[in-house]
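Novice: Structural data only, the sequence is not supplied:
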């Protein structure tokens, strides 16, 4: 609010504000401080303000405000016209009352009238009132917009600035519609003053953030880039903020800004603090502009060599200045200096192309790890986590391991300790895995509860990922359960069981170790689960020792039985029946337990059924049958990663560079180590026991990750599952009931493609390598139409795959609604950056098909998988299909892939069962030429009856048996559901085996639907 001066008057406003402040201050004084109140009253009197009676209270303040509101209302409604001064004074009072928390329901029109004044103070108060009290739905918005237009057209820089500030403060969609086309012209006009350009740039930024669809891209975009060369640094700062936001959405439009940003940054970092006096902050030249320029450069990959050299010099200068003694001891100097430094390091990490800069950045961050300022330690740890993933700086990060471990032990701030855990996880490799895991386990005993689950998962991943000796892995996981059993999720103990089953050399050790661990008086339930499982499979390996005889094993497990939950008891019952096969000498003891009332009459149905079935099995089955049904789980066959096979084939066994070998060593267990085949849907632990209550184990196997060494997909899924609060195993692409290439979304088990033949021009590894146009949509990838046709009669599978990317689908539809899960798998070991999938629909398709997508993470780690959900609604019948366009950067190269998304009209089929008489009655009703479509075509595939039936059912209609007089024909019926209507559909497929021909007839109540369904189904046979 403008200051009240003698020349401006407004004494009534000053008195009113003084009264209110006196009330507020008096209310805060206690009744005991009578002398203090007298002193305060005398001070107010000296200052010319009215003293306030001792008895004033909150009620007196409200009474004073109500009196003032009544006075203002009477002035506004009076016959006498108010002058500009009076309006300004009363509007100011209303604004002050509103800021005190009282509702204001009048005075808006008077504030709008102030906008037409030629006095700055009156216009300023009018705009201030509107910015605070007028909402976007007000009836006065049109009058306000007209006043703003007049001020923008006045070319008076003061009035233009007030108008632009009001637009930015309100920022409504109505404002954007009215001024989004006008403000860019003001911004790039040659006669616009610098202060107005600043306001225009920030105002346009505000409108773009609230209503990006209303800000048009045009000729002004190329001109606004050149504002980076403006002599006024305030204009450059505002323009940089605008260009950065615009470049994130439209990088191609603003790619010329890179060279200009580097040039401007170079001038700033090489200048002395005296050269930019107006924009030097505590001896740091233009820190805010430097940070904004560095962030703008992070929107793009490394520039061409000429510009890159100059940028490298700038970054080296920033790192050099960080080593210089501080020019001031004030915290403002260090804050500004470090802000530029950290943003420069972020740019170095983003480019990931200059080994020297990466190592220097790592060393600089290492100095901050022991800094007395907590924020600096936090930021250093966070940045080093990212540096640890670079092949150039990983070794440099590892040199600070002792400092990070010390921070983990001594740091007071929990957020800093959590970043230390993240950094230890990121810098871990085969050379330091045991040390890091030991330190993380040690810290886990005293760790904050909020981060224990994350630490548990990271320890489990590292222990498996870098386990050379799997006895160490077993010890680590059991220790993990002992220390933090409540935070060990099912995924962790599932995993240790899978590995023990798959490795003969560790089975005896695991059985012995878990037997010893179970002897502790208090065991966590997860340890009981692991012990029951492993002893049930491999207890015979330690039964020769009298200290772990079969009876002792059973008694040890059964002593924990009554302390466990129902799922664990069910597991132990399965272990007992396994003992019957392994140790006949304890059969009678186990049968007594199964026969007891506590089991056969258990209130839990699952436990009761298991006890009954297991008891019966142990009683009636012969020794041979029992041995067959309860035999030990076989090891799962292992296979080598196809990605590693391709690398070996391309490089040769002895031509891999040391750097690549080191990088591969760090990720071999995740990315290229042996990966056994996924578990089948058969049950674990119960072996071939398929009918005897093996439900829990079936669920375990069906949702478990592939056996053997950990895959990166599993690692990424575990961590993302933790952060998103969902079940880890459910993030995986579902295991199909029959083996097929689509079951392996990451292609880790696929056969490497044959080298014969040239690579495809698009859709393969070289897709769009020579094009760098993110805004252009690539043509459909080769084979896209064929893949699209295959999904007409199925909902799950791999839609697209090349050497870099694999796209898998899983979808479900009900009536006119559907949901599609799109899985994007990174088949490489390099991150995908700026990963942007977009659904593209024509105008007609947008009208008939409603699609809602959820955004995905713009970064896809090597070997990882991200999921996108698409919610679908069929509004009306349609013929086209949406196009899925994926754009990303791989190794600095722009990739652009487009595929047709298999959302077709038949997906909204609901099958309808009909009797023969009803079918032909309806068939005759749909006999007009507009309702029938027929197609006679040559068979493209073998004419197999079962396959034909499966395709008709997969198409969505019900397959009606014994309806057609000719048993060789196929008849179907269903209803297409849309939001607006339901369309009945009848189909008849007549095969001619001799001529290898089909005749397909479809009848619906709508000709367009008949034609579309006929075209889709004809392609399937």
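Specialist: Arrived safely. Note that this is a predicted model, so its numbers are computed, not measured.
Novice: gap between the residue lying closest to residue 970 once chain neighbours are set aside and residue 968?
Specialist: Once flanking residues are discounted, residue 970 sits nearest to residue 989: 4.2 Å by CB to CB, 6 or more residues apart in numbering. (Each C-beta comes from the backbone N, C-alpha and C, glycine too.) In this view, residue 989 and residue 968 are 10 Å apart by CB to CB, to the nearest Å.
Novice: Residue 634 too?
Specialist: In terms of CB to CB, residue 634 sits 45 Å off from residue 968.
Novice: Quick one: neighbours of the residue nearest to residue 970, just the number.
Specialist: Residue 989 has 22 neighbours, counted by other CB atoms under 10 Å.
Novice: That one bridge partners, please.
Specialist: Beta-bridge pairing of residue 989 under DSSP bridges involves residue 970, residue 1000.
Novice: Burial check on residue 1015, number of neighbours?
Specialist: Quick note: residue 1015 (other CB under 10 Å) scores 17 neighbours.
Novice: My error: substitute residue 463 in the last question.
Specialist: Residue 463: 27 neighbours (other CB under 10 Å).
Novice: Quick one: residues contacting the closest residue to it other than its chain neighbours.
Specialist: Spatial nearest neighbour of residue 463, chain neighbours left out: residue 476 (4.2 Å); criterion: CB to CB, 6+ apart. By CB atoms under 8 Å, 6 or more residues apart in numbering, the contact list for residue 476 reads 437, 441, 459, 463.
Novice: Secondary structure element for residue 476, which one?
Specialist: Residue 476 belongs to helix 470-484 when assigned by DSSP states H and E.
Novice: Any idea how far that helix is from the middle of the chain?
Specialist: 31 Å (CA atoms, centre = their mean, to the nearest Å).
Novice: With stretch 816-829 instead?
Specialist: 13 Å.
Novice: For it, could you pull out the residues that count as buried?
Specialist: 816, 818, 820-829 (16 or more other CB atoms under 10 Å).
Novice: By pLDDT, give me the weakest of the residues you listed.
Specialist: Least confident of those in the model: residue 829, at 81.
Novice: Over to the residue lying closest to that one once chain neighbours are set aside: give its phi and psi.
Specialist: Of all residues not flanking residue 829 in the chain, residue 862 sits nearest, at 4.0 Å (CB to CB, 6+ apart). When read as degrees, to the nearest 10, the backbone of residue 862 gives phi -60, psi 130.
Novice: Cross-check the contact I'm expecting between residue 862 and residue 828.
Specialist: Yes. Counting by CB atoms under 8 Å, residue 862 does reach residue 828; the two are 5.5 Å apart.
Novice: all helices of the stretch 251-400 of the chain, in order?
Specialist: 257-269, 287-297, 305-323, 331-351, 355-368, 374-387, 394-398 (DSSP state H, counting those that start in this stretch).
Novice: So which of those helices is the most surrounded?
Specialist: A comparison of those by mean neighbour count, using mean count of other CB atoms under 10 Å, puts helix 287-297 on top with a mean of 24.
Novice: Now do that helix against helix 257-269, angle only.
Specialist: Between helix 287-297 and helix 257-269, the angle comes out at 150 degrees (axes from the mean of the first three to the mean of the last three CA atoms, to 10 degrees).
Novice: and helix 287-297, what other elements does it pack with?
Specialist: Counting contacts by 3 or more CB pairs under 8 Å, 6 or more residues apart in numbering; DSSP states H and E, helix 287-297 packs against helix 233-249, helix 257-269, helix 331-351.
Novice: Okay, angle between the second one and helix 233-249 too, please.
Specialist: Calculated by the same axes, to 10 degrees, helix 257-269 forms an angle of 140 degrees with helix 233-249.
Novice: got a list of contacts for helix 257-269?
Specialist: Counting by CB under 8 Å, 6+ apart, 225-226, 228-229, 236, 240, 243, 247, 276, 285-286, 289-290, 293-294, 296-297, 300, 303, 307, 310-311, 313-314, 317-318, 321 sit against helix 257-269.
Novice: try 6 Å
Specialist: Residues outside helix 257-269 that contact it (CB atoms under 6 Å, 6 or more residues apart in numbering) are 225, 228, 243, 285-286, 290, 293, 296-297, 300, 303, 307, 310-311, 314, 317-318.
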